[in-house]
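# for reference, the sequence and a predicted model appear below.
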Amino acid sequence: MNLATKVLNKPIGSYVATLPFIDIKKYFYAEYETQEDEEMIGLQNGDFVEIDAGRIALNFYCKKCEDSRTFMSPDRLHALIINENLISIDTFLQCPVCKTEIQVWFLLEVKDLFTEEPKVKILKRTEKLSKNVSELEENSLGIYTDLLEKAMRASREGFGAGSIIYLRKVFEQVTSEVAKASGIPTTYINRHGQKKRKNFKDLLTEVDGQCSIIPAEFSNNGYKLFGKLSDVVHGEYDEDIALEKFSAFYRLVTGIIENIKSKEEFKSAQQALGLSEGGEENE
């Protein structure tokens, strides 16, 4: 598969083998061949070349269309050769319906660039979103929409542990709000008569046992996944593993929020989290 399909359209991760995306014959010639074009002597650092990478396709929320759209790049892409192991791609993506555009930039590390199977890894990816484009629909996930957008952006730009910190914060606060709405104490009195906050593991177990907030996908090991979030935050995973785990963590956290939105018994929690018309964000 091509570069876009296997690398550019995916989250930042480890090296992936792709089809060749630079036309070697166009820029290099064998010693025995006659050189017809004096300029075609190979690629140098700083050269700007056309690449056969396929089309970049990334999902964003289009405010003009009021819907999620897959923004697409042009068919023809170009890359800047930084050196034999680094290239950058700078292009625009367009909403297929209203034609709203955003800019996107990739910094790629490449092994065996001029071979039949180059291995490519995204080092950094940034998007410049216009005022009509966002990661998520405004307030679609209540007061945590902004934090979750930041988590997604941090993950896309290669900041694995940073993205997990945002998710951990949302997970803890949402669980506490559901506990309050359900009459579950978040504190206890220790043997010395002192008021203490409950250990999060204990609170989560109690809340999920009474309210079933953990999505079915994670229902058997909700706290185990939270523990992995904590491991990432405290440096027990490197950035690459944090990025690999991000998708599952994100599904867990957003799944909890969607469960709360859909259950009538969480009315007060919905309001506290900005998930209903009576929520704090809409007052």
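Happy to help now that I have it.

# so where's the protein shaky on pLDDT?
By pLDDT under 70, the low-scoring segments of the chain are 27-42, 219-223, 225, 227, 229-230, 233-237, 264-270, 272-283.

# longest helix in it, please.
helix 239-262 (DSSP state H).

# for that helix, C-alpha coordinates in CSV please.
Output of helix 239-262 as CSV, limited to C-alpha atoms (Å, rounded to 0.1, in the frame of the first residue of the first chain):
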residue,chain,number,x,y,z
GLU,A,239,6.3,8.2,24.0
ASP,A,240,5.8,5.6,21.2
ILE,A,241,3.9,3.2,23.5
ALA,A,242,1.7,6.1,24.8
LEU,A,243,0.8,7.0,21.2
GLU,A,244,0.0,3.4,20.4
LYS,A,245,-2.3,3.2,23.4
PHE,A,246,-4.0,6.5,22.8
SER,A,247,-6.8,5.2,20.6
ALA,A,248,-8.0,2.7,23.2
PHE,A,249,-7.8,5.2,26.0
TYR,A,250,-9.7,7.8,24.0
ARG,A,251,-12.5,5.3,23.3
LEU,A,252,-12.7,4.4,27.0
VAL,A,253,-13.1,8.0,28.1
THR,A,254,-15.5,9.2,25.4
GLY,A,255,-17.5,6.0,25.9
ILE,A,256,-18.1,6.8,29.5
ILE,A,257,-19.3,10.3,28.6
GLU,A,258,-21.6,8.9,25.9
ASN,A,259,-23.0,6.5,28.5
ILE,A,260,-23.7,9.3,30.8
LYS,A,261,-25.4,11.4,28.1
SER,A,262,-27.8,8.5,27.2
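
# what is that helix packed up against?
When contacts are defined as 3 or more CB pairs under 8 Å, 6 or more residues apart in numbering; DSSP states H and E, helix 239-262 sits against helix 145-156, helix 160-181, helix 222-233, helix 267-272. All C-beta atoms are positioned from the backbone trio N, CA, C, and that covers glycine.

# straight-line length of stretch 45-56, end to end?
24 Å (CA to CA, to the nearest Å).

# and it, which residues are buried?
Neighbour counts over stretch 45-56 (16 or more other CB atoms under 10 Å) mark Val49, Ile51, Ala53, Gly54, Arg55, Ile56 as buried.

# got these as TSV, with distance to Ser14 and secondary structure columns?
Formatted as TSV, the buried residues of stretch 45-56 follow (distance: CB to CB, whole Å; DSSP: H, G, I helix; E, B strand; the rest coil):
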residue	distance to Ser14	secondary structure
Val49	25	strand
Ile51	21	strand
Ala53	19	coil
Gly54	20	coil
Arg55	23	coil
Ile56	20	coil
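
# farthest pair in those?
Val49 and Arg55 (17.7 Å; CB to CB).

# pull the distance from stretch 136-144 to the chain's centre.
Relative to its chain's centre, stretch 136-144 lies at 16 Å (CA atoms, centre = their mean, to the nearest Å).

# start to end distance for that stretch?
Stretch 136-144: ends 11 Å apart by CA to CA.

# now it: buried residues?
Those would be Leu136, Ser140, Leu141, Gly142, Ile143, Tyr144, for stretch 136-144 by 16+ other CB under 10 Å.

# again, but for stretch 245-259
Lys245, Phe246, Phe249, Tyr250, Leu252, Val253, Thr254, Gly255, Ile256, Ile257, Asn259.

# which other residues reach stretch 1-12?
With contact meaning CB atoms under 8 Å, 6 or more residues apart in numbering, stretch 1-12 is reached by 16-19, 21, 51-58, 73, 89, 106, 108, 120-123, 125, 155-158, 243, 246-247.

# if I look at Lys111, how far off is Leu80?
18 Å (CB to CB, to the nearest Å).

# repeat for Phe249
For Phe249, the distance to Leu80 - CB to CB - is 34 Å.

# let me know the secondary structure of Leu107.
Assigned with DSSP: H, G, I helix; E, B strand; the rest coil, Leu107 falls in the strand class.
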